[in-house]
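Asker: Kindly return the folded structure for what I paste below:
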Amino acid sequence: MDGFDRQLVALAPRLRRHARGLTGDAAAADDLVQDTLERALRYRWRFRLRAGAWWGDGADGLLSWLLTMMHRLRINAYRRADLVTFADTLPDVPSAAPGPALGLDLARALAQLPEAQRAVMLLVGLEQFTYAEAAQVLGVPVGTVMSRLARARERMRELMDGGATPATAAHPGGPGLQRVK
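Answerer: Numbering: from 1, shown residues only. Next up is the predicted model:
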């Protein structure tokens, strides 16, 4: 096993965690990670050509490259939706971790986000990518990443608070806007 293979093995748990957040389904996440790793092995020469230039050096550059492939594979799967289906909700599985209700609520809320917002939320919130790195992985402008993240955070707040927006929570039954003279 060479250094590239060792790096792939070392990054596999992060890829699986990210894929699980994207898909919301363990089996679909495993399939997505396997497809990503297979493609990485098949096209390893492309990473080596780009190392030091566009993708950066070492594990960080490799992770960005792998996540880019993962997101593109996921988009391609949506384009051929008649062949591949993904679950939109997480199954109710009891957790042994402390605070299982919060973790399950968080997972459900994340699963309810639109795909584009969920991808940005996972890259910036979970993987700790900068806006520029997330934009590079997703192939969108930085401003798009920022707006998707703002919408995702707001939607997560709404979902975690039981569906009430801050404006409707302050004025139940009333509009969220007020007229000020």
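Asker: measure the residue nearest to Val142 when sequence neighbours are not counted to Met121 for me?
Answerer: With sequence-adjacent residues excluded and distances taken as C-beta to C-beta, 6 or more residues apart in numbering, Val142 is closest to Ala135, at 4.6 Å. All C-beta atoms are positioned from the backbone trio N, CA, C, and that covers glycine. Look at Ala135 and Met121: by C-beta to C-beta, to the nearest Å, they are 14 Å apart.
Asker: got the domain boundaries for this protein?
Answerer: Domain ranges of the chain: 1-87, 97-165, per automatic domain parsing.
Asker: got CSV for those domains, with mean neighbour count too?
Answerer: Formatted as CSV, the domains of the chain follow (neighbours: other C-beta atoms under 10 Å):
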stretch, mean neighbour count
domain 1-87, 16
domain 97-165, 16
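Asker: Now render those domains as CSV, adding mean pLDDT.
Answerer: As requested, the domains of the chain are exported to CSV (pLDDT from 0 to 100):
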stretch, mean pLDDT
domain 1-87, 79
domain 97-165, 83
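Asker: and Leu41, helix, strand or coil?
Answerer: Here Leu41 is recorded as helix under DSSP: H, G, I helix; E, B strand; the rest coil.
Asker: Thought Leu8 was touching it, still the case?
Answerer: Yes. If you go by C-beta atoms under 8 Å, Leu41 and Leu8 touch, sitting 7.3 Å apart.
Asker: about what we covered before: the residue nearest to Val142 and Ala19, how far apart?
Answerer: From Ala135 to Ala19 the distance is 20 Å (C-beta to C-beta).
Asker: how about the helices in the protein?
Answerer: Secondary structure of the chain (DSSP state H): helices located at 3-23, 26-42, 44-50, 58-79, 100-112, 115-121, 131-138, 142-160, 166-170.
Asker: Backbone dihedrals for Pro114, please?
Answerer: Pro114 adopts backbone torsions of phi -60, psi 150, taken as degrees, to the nearest 10.
Asker: check contacts around the closest residue in space to Asp35 that isn't next to it in sequence.
Answerer: Excluding the flanking residues, the one nearest Asp35 by C-beta to C-beta, 6+ apart is Leu73, at 5.3 Å. Leu73 is in contact with 32, 35-36, 39, counting by C-beta atoms under 8 Å, 6 or more residues apart in numbering.
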